[in-house]
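Novice: model this:
(chains A and B)
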Amino acid sequence: DTEVTQTPKHLVMGMTNKKSLKCEQHMGHRAMYWYKQKAKKPPELMFVYSYEKLSINESVPSRFSPECPNSSLLNLHLHALQPEDSALYLCASSQAETGYEQYFGPGTRLTVT
Amino acid sequence: SQQGEEDPQALSIQEGENATMNCSYKTSINNLQWYRQNSGRGLVHLILIRSNEREKHSGRLRVTLDTSKKSSSLLITASRAADTASYFCAAPPPREGGTSYGKLTFGQGTILTVHP
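Specialist: Next comes the predicted model:
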């Protein structure tokens, strides 16, 4: 199984809502990533988890809160977002944090109203 | 700053033609990767070329790497309408000991349109 799954596919939320994005992989990968992608732009790294520990936070605002409950799951908790946070949020995984190929999920299209 | 810069930004060709995309990068690398993204979807890893390799093939894909010029190219031969997508180069920064961090920095991408 070489699939990374993400739920939900689409999410619309108000600026006062709290919601969570979920990501799951069953490839035994020990590194997992969150990226943010705006239209017609490349993905931008937000967070990296390596062996269930946060290893990279790319100075992401605290209204985004990642969580890695176990080696297969990665969550992104959202609170008090701004309209400019509307984007495609991509999850990815790799065997380890070694700079080799990453497997991406289909993404969650987030709209903040 | 972006590790990779790509050109052209957009490329429009007819089915059966070849498509070439270029990527330039700024710092030393251990490997360079190419990904494809269909509209609004996740990225798919296409090919990885290591810094000690000059050329690599995978099916209709050919990647070259010139570390002296800090550049790479992706050639898609005999293109098909299904190849229509955005193509990104990406590279992880090296760290001491010869491995790389998992942090991928992506180029701006080339939007390829293949007309049937």
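Novice: okay, now the residue in chain A that chain B sits nearest to: neighbour count?
Specialist: Closest contact between chain A and chain B, by CB to the nearest CB, is at residue A:99 (2.5 Å). (Glycine included, C-beta is placed from N, CA and C.) As a burial measure, residue A:99 scores 25 neighbours (other CB atoms under 10 Å in any protein chain shown).
Novice: for it, give its distance to residue A:31.
Specialist: According to CB to CB, to the nearest Å, residue A:99 and residue A:31 sit 10 Å apart.
Novice: just give the closest residue to residue B:38, not the sequence neighbours.
Specialist: residue B:85 (4.9 Å; CB to CB, 6 or more residues apart in numbering or on different chains).
Novice: for that neighbour, give me its contacts.
Specialist: With contact taken as CB atoms under 8 Å, 6 or more residues apart in numbering or on different chains, residue B:85 is in contact with B:36, B:37, B:38, B:39, B:112.
Novice: mind checking the SS state of residue B:69?
Specialist: Under DSSP: H, G, I helix; E, B strand; the rest coil, the three-state class of residue B:69 is coil.
Novice: equivalent analysis for residue B:73, please.
Specialist: Following three-state DSSP, the label given to residue B:73 is strand.
Novice: show me where the chain has its helices.
Specialist: I went with chain A, as the question did not name one. Using DSSP state H, no helices are assigned anywhere in chain A.
Novice: what residue ranges in it score low on pLDDT?
Specialist: Counting by pLDDT under 70, the ranges of chain A that qualify are A:1-2.
Novice: ok, now chain B?
Specialist: B:1-4, B:95-101.
Novice: how about the residues of it near chain A?
Specialist: B:2, B:30-31, B:33, B:35, B:40-45, B:48, B:88, B:92-94, B:99-109, B:111 (CB under 8 Å from any CB of the partner chain).
Novice: show me the contacts for residue A:80.
Specialist: Counting by CB under 8 Å, 6+ apart, the residues that residue A:80 touches are A:15, A:16, A:63.
Novice: tell me how far the first one lies from residue A:89.
Specialist: In this view, residue A:15 and residue A:89 are 17 Å apart by CB to CB.
Novice: neighbour count for those two, which is higher?
Specialist: residue A:89 (23 against 13).
Novice: and the closest residue to the more buried one other than its chain neighbours, how many neighbours?
Specialist: Leaving out its chain neighbours, the residue that sits closest to residue A:89 by CB to CB, 6+ apart is residue A:108, at 4.8 Å. For residue A:108, the neighbour count with other CB under 10 Å is 21.
Novice: all strands for chain A, in order.
Specialist: Applying DSSP state E to chain A gives strands spanning A:4-7, A:10-13, A:18-25, A:31-37, A:44-50, A:53-57, A:64-70, A:73-79, A:87-94, A:103-104, A:108-112.
Novice: pretty sure the residue nearest to residue A:89 is touching residue A:13, no?
Specialist: No. With contacts counted by CB atoms under 8 Å, residue A:108 stays clear of residue A:13, the gap being 11.1 Å.
Novice: what about stretch B:104-116, how long is it end to end?
Specialist: Terminal residues of stretch B:104-116 lie 33 Å apart, using CA to CA, to the nearest Å.
Novice: what residues of it count as buried?
Specialist: Using 16 or more other CB atoms under 10 Å in any protein chain shown as the test for burial, stretch B:104-116 gives B:104, B:105, B:106, B:107, B:108, B:109, B:110, B:111, B:112, B:114.
Novice: any idea how far the spatially most central residue of chain A is from residue B:47?
Specialist: Nearest to the mean C-alpha position of chain A, by CA atoms, centre = their mean, lies residue A:34 at 3.1 Å. Look at residue A:34 and residue B:47: by CB to CB, they are 24 Å apart.
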